[in-house]
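In: Sequence and predicted structure are below.
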Amino acid sequence: MIEETFEAPTPKEAFALARSKYPHVSDLQLLRARQTAGRDGKLIAEITVAVPEEEYLASLGLSEEEELIREMQQLQSQMQRMKAAAGIRDENSETVEKVIGLLSSKGLRRDWLIQRVEPMLGTAVAEDEKLLLSYLLEEVDEGLRVVPEDLSRPRVMMMVGPTGVGKTTTIAKLAARYSYLLDRDYRVALINLDSWRAGAYEQLDNFARILHLEHRRVERIEEFAEQLDALADYDVILVDTAGISPFDTDRLIRTVEFLKSVRDREISTSLVISATAKYEDIREIYEHFNFINVENAIVTKFDETQRVGDLIAFLTERHLPVSYLSTGQKVPDDLIPAEKERILDAFTGELHA
Ligand SMILES: Nc1nc2c(ncn2[C@@H]2O[C@H](COP(=O)(O)OP(=O)(O)OP(=O)(O)O)[C@@H](O)[C@H]2O)c(=O)[nH]1
Ligand SMILES: [Mg+2]
């Protein structure tokens, strides 16, 4: 059997596509189904079905012989990759293993490291521990992305993320920063979106009152666009959301509905991630929230850990840029626009520890 994936706006339509491609297969078996967010934020349903091999080949217009050649080519490139990975163990074993071992013990992914080392095998770099380490740190540096602070046009910025990561605290810090700490005083308004958690609105409202900021509450889907219209004169609108656990799909879909309901304003969504989270957790959280086209990450609790390898591994692999770093509980001081050096310094400090 061959696995083949079909995409359409709904799972039903995706399955209909599969059926129409394989009209002769009476019992097309559904293996998996999932929903992902497309580039435009619209949901895409993706289904994977098991197709009998002859049917699959017929659909490609390939003869069995041609298919054999294709498979051989695939095998060949797989062999080449295996040879390169084996080479790491044989020829350059000690130096390469030591450096890869060190970096993977600090959270970087072994596969990612091996991929980067491969082109260096057989060169002087792979034989010198210091050279190899600095080459790999250079690769990390290249993989990391930060986004500069940009208030040159009016912005709507929304924070999403799991419970307790520091979304509300970060919004308070950003609100104070934009209103009082920059080259000019920007007009800032706050919105609490779907604040079903007890006390969520009040937590931000206390702060809004101290800073004399406009603060609105949005409960119904239609209200969101209305409130954004009403606040059209503001330079920055910061939108706080309730923390959503990766298992709460209903809440997530509701957040998607809020976002879809707004047509005439661009909303930039930041995923708030704790620097203390483990790689697998961050990955799970990201995949969950990527339903809503996450634009960048805000990293919180940077002060709470000496170990940022997992975070760096994730950010570099996904090319997810970081916009701010939160470095403590103090509002508004403990927040800085993201700097690569700061993240890399934390990582290299950890290497010496
Ligand atoms: N050490 C440290 N603590 C932080 C940081 N950011 C937030 N906190 C603390 O984390 C706790 C939770 O912060 P909140 O801002 O309420 O988190 P939240 O994401 O809004 O939580 P929910 O709305 O419940 O999902 C508070 O005690 C904050 O003071 C940080 O950068 N460093
Ligand atoms: Mg909150």
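Out: Cool, got the structure. Residues are numbered from 1 along each chain as shown. Ligands and ions are numbered 1, 2, ... in the order given.
In: Name the residues of the helix or strand where residue 223 lies that are buried.
Out: Assigning secondary structure by DSSP states H and E places residue 223 in helix 221-230. Using 16 or more other CB atoms under 10 Å as the test for burial, helix 221-230 gives 223, 224, 225, 227, 228. In short, each C-beta sits where N, CA and C put it, glycine included.
In: Now for the protein, the helix or strand with the poorest mean pLDDT.
Out: Using mean pLDDT, DSSP states H and E, helix 64-89 stands out as the lowest-scoring helix or strand of the chain, at a mean of 71.
In: if we can go back for a sec, by contact count, what packs against the helix holding residue 223?
Out: Other elements packing on helix 221-230 under the criterion 3 or more CB pairs under 8 Å, 6 or more residues apart in numbering; DSSP states H and E are strand 188-193, strand 214-218, helix 249-260.
In: Just give the strands next to the first one in its sheet, each with its orientation.
Out: Applying DSSP bridges to the sheet, strand 188-193 is found paired with strand 214-218 (parallel), strand 236-241 (parallel).
In: Indicate which one of the ones you listed is closest to residue 105.
Out: Judged by CB to CB, the one of the strands paired with strand 188-193 that comes nearest to residue 105 is strand 236-241, at 35.8 Å.
In: what angle do the closest one and helix 249-260 make?
Out: Angle between the axes of strand 236-241 and helix 249-260 is 160 degrees (criterion: axes from the mean of the first three to the mean of the last three CA atoms, to 10 degrees).
In: if we can go back for a sec, taking strand 188-193 as reference, get the angle to the helix holding residue 223.
Out: Using the same axes, to 10 degrees: helix 221-230 against strand 188-193 is 180 degrees.
In: three-state assignment of the residue of the stretch 1-150 of the chain found nearest ligand 2?
Out: In the stretch 1-150 of the chain, the residue that lies nearest ligand 2 is residue 149 (22.1 Å; CB to the ion). Assigned by DSSP: H, G, I helix; E, B strand; the rest coil, the conformation of residue 149 is coil.
In: these two touch, right, it and residue 322?
Out: No - counting by CB atoms under 8 Å, residue 149 stays clear of residue 322, with 11.8 Å between them.
In: Between the two, which is the more surrounded one?
Out: Legend: neighbour count by other CB atoms under 10 Å for residue 149 and residue 322, higher for residue 322 (23 against 15).
In: close enough to count as contact, the more buried one and residue 343?
Out: Yes - the criterion here is CB under 8 Å, and residue 322 meets it with residue 343 at 7.2 Å.
In: shared neighbours of these two, anything?
Out: Common contacts of residue 322 and residue 343, defined by CB atoms under 8 Å, 6 or more residues apart in numbering, comprise 144, 299.
In: Where does pLDDT dip in the stretch 51-200 of the chain?
Out: Within the stretch 51-200 of the chain, the ranges that satisfy pLDDT under 70 run 80, 83-92.
In: As a check, name the ranges of all strands in it.
Out: 155-160, 188-193 (DSSP state E, counting those that start in this stretch).
In: so which of the strands paired with strand 188-193 comes closest to ligand 1?
Out: Among the strands paired with strand 188-193, strand 236-241 comes nearest to ligand 1, with 6.9 Å by CB to the nearest ligand atom.
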